[in-house]
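1. Sequence and predicted model, in that order:
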Amino acid sequence: MPFKTLQLSDAVLRGVHAAGYKDPTPIQLRAIPVVLGGGDLIGSAQTGTGKTAAFALPILSRLAAHAHGRGARVLVLEPTRELAAQVETAFRDFARFTDLRAVAVFGGVGYGNQRAELRRGVDIIVATPGRLMDYLKDGTVSLRDISVLVLDEVDRMLDLGFLPVVKDIIGRCPKQRQTLFFSATVPPEIQAVAAFALRQPTRVEVGANRSVSQSVNHAVFPVGFGQKFELLLALLAKENFDSVLVFSRTKHGADKIARRLKAANHSVAVLHANRSQNQRMEALAGFKSGKYEIMVATDIAARGIDVAGVTHVINYDVPENPEDYVHRIGRTGRAQAVGDAFTLVTPEDAGDVRDIERFIGQKIPEMRLEGFDYQAMAPRPPQPPRPQGQRPGTIQPRGGFRRFRSRR
Ligand code: AMP
C-alpha cells in the first residue's frame, strides 16, 4: 500500500517522496491512521522500523501550517541530544513543503540560538527533558498550547533517570491533548507512566519486542580476553566494511579502543557522554559523512542513532543488558539494508551471552575467524567486586570456556 492511501496532507506526501520513501513500513501503516484520528498510542517497535516518520508524518499533516502568535503545539521528548537533533531534522525534512517550524532543544550547547528560535515562534519542539525544564523555569517556553505530546524512547528515558522531570513536564501540558508513547520495550514501570499519561491508547506492536531485525546477520566470536583487540583488528582487516560501529561498555574503554585503532591507522570517531557536545556532533557528522570509517561508542550515546549505511556493528564488549544487544545491532541493517553484527565473547562473558540468547529467544551462531592465530583462552585477570545493585556473574568466570568447546 503506498503512502498516498494514508490520508496524509499533500505537502507532507511531497516531503515523504522527497525523502525517498516509497512504501510505508509496518509501524507507519498501523500508527499513521491512529495518529491522524487524534487517538493516543503506545507504539512498541524495534529500532530502525521507521517509527520517527510514523509519528512525524501524521503530526505534520494535522498541524498543516505555522500558527502565528501561538505557542508550540507539539512537544517531542527524547532521551539524548543526538536523538533530539536527529528527530528534529526528520521533522524539518518532512515539513520542507510547509511553513511549519521545528526547533531542537538540548543541553551541552549555548542557550542563545535556541532561545532566539523559541522566541521567534515554533510549532514543534523536540527536546531533552533537562534543557526544556530550564526554558520552562525561566519562562522562555510555555506548554499551554501543546496539543500533541510525544514521549519517544521511553524505556531509555527512564533508564537515564528522567522520570521525575518527564512527569513534571507532562503535568505542565494541557490535559486535553493527544499523547504518543514509543518504547522498544514496555515493562511494567513504563506501563505505569503510560497509565498516568495516556487515555485509552491504541497499542501498536511491530514484530516481537525482543526480536533481532531479520536483515542482520549476527554471530559471536569466542576469544581470550588478551586477544580481543587483535581479533578486532583482524575482523576489520578481513571484512569488507564501509562504516563500522564498535561498542564498548565503558567510556574509558571506548577511548582506549579508539586510541589503539588510530595507532593502527584507522580513521576513528568516539561518542560517549563525557565528550563535549561539539565533540559529539563532530564525531557523528564525521561518521555519517564517511570521514571516519569507525565510530566507537557507548550504549547510551549511541541509542537510537540513525546512520544510513552502517555495514557492521562490532560489540567489543558484550552488552550488560540483553535489551542493549537488540538496540546495538539494530544500528545496522536498518530499514531493510543488510548488515553484520559481531560480538567478541571471552569465556567470562558466557553467562551474559546466555542471558541475551534467552532474551531474544534464539541461539546466536558462533564463528571463528579463519586464519586468526587463536591462543589458548587465558582467563581475564581478577577484577574488583562490582558495586551493589549490578547484575552478578558478568565478571566472574562461569565455566563459559566449557560451553564454547561443547558447542563447537
Ligand atoms: P527510525 O526507526 O525512525 O529511526 O528510522 C530508521 C531508518 O529508516 C531511517 O533512516 C529512516 O529514514 C528510514 N525510513 C523510515 N521510514 C521509511 C520508509 N517508509 N521507507 C524507507 N526508509 C524509511
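-> Thanks, I have the structure now.
2. contacts and neighbour counts: CA atoms only from here.
-> OK.
3. Okay, and the beta partners of residue 341?
-> According to DSSP bridges, the partner residues bridging residue 341 are residue 218, residue 313.
4. That one: how many residues sit nearby?
-> 24 (other Cα atoms under 10 Å).
5. Give me the distance between it and residue 229.
-> Distance of residue 341 to residue 229, computed by Cα to Cα, to the nearest Å: 16 Å.
6. how about the CA coordinates for stretch 280-288, as PDB?
-> Taking C-alpha atoms only, stretch 280-288 is exported to PDB below (Å, rounded to 0.1, in the frame of the first residue of the first chain):
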ATOM      1  CA  ARG A 280      29.900  14.500  19.900                       C
ATOM      2  CA  MET A 281      28.400  16.400  17.000                       C
ATOM      3  CA  GLU A 282      31.600  16.400  15.100                       C
ATOM      4  CA  ALA A 283      32.100  12.700  15.700                       C
ATOM      5  CA  LEU A 284      28.600  11.900  14.500                       C
ATOM      6  CA  ALA A 285      28.700  14.200  11.500                       C
ATOM      7  CA  GLY A 286      32.200  12.800  10.500                       C
ATOM      8  CA  PHE A 287      30.900   9.300  10.800                       C
ATOM      9  CA  LYS A 288      27.800  10.000   8.700                       C
END
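7. in that stretch, what's buried?
-> Of all the residues in stretch 280-288, those buried under the rule 16 or more other Cα atoms under 10 Å are 280, 281, 283, 284, 286, 287, 288.
8. Please see if the helix or strand encompassing the fourth one touches the ligand.
-> In this structure, residue 284 is located in helix 277-289 according to DSSP states H and E. No: with Cα under 6 Å from any ligand atom as the measure, helix 277-289 is seen stopping short of the ligand, the closest distance being 11.6 Å.
9. Low-confidence stretches in this protein?
-> Counting by pLDDT under 70, the low-confidence segments of the chain come to 46-47, 207-216, 240, 301-302, 304, 306-309, 331-339, 377-408.
10. got the domain boundaries for it?
-> 3-206, 216-360 (automatic domain parsing).
11. Now for residue 141, how many residues are close by?
-> A count of nearby residues for residue 141, using other Cα under 10 Å, gives 19.
12. Give me the nearest residue to residue 293, chain neighbours excluded.
-> Closest residue to residue 293 apart from its sequence neighbours, by Cα to Cα, 6 or more residues apart in numbering: residue 243 at 4.8 Å.
13. I'd say that neighbour and residue 286 touch.
-> No: the criterion here is Cα atoms under 8 Å, and residue 243 misses it with residue 286 at 11.0 Å.
14. intersection of neighbour lists for these two?
-> Residues touching both residue 243 and residue 286 (Cα atoms under 8 Å, 6 or more residues apart in numbering) are residue 292.
15. rewinding a little: moving C-terminal of the helix holding residue 284, what's the next helix or strand?
-> For helix 277-289, the succeeding helix or strand toward the C-terminus, using DSSP H and E, is strand 294-297.
16. Could you pull out the strands in the stretch 1-150 of the chain for me?
-> Assigned by DSSP state E, counting those that start in this stretch, the stretch 1-150 of the chain shows strands spanning 41-45, 74-77, 102-105, 124-127, 148-151.
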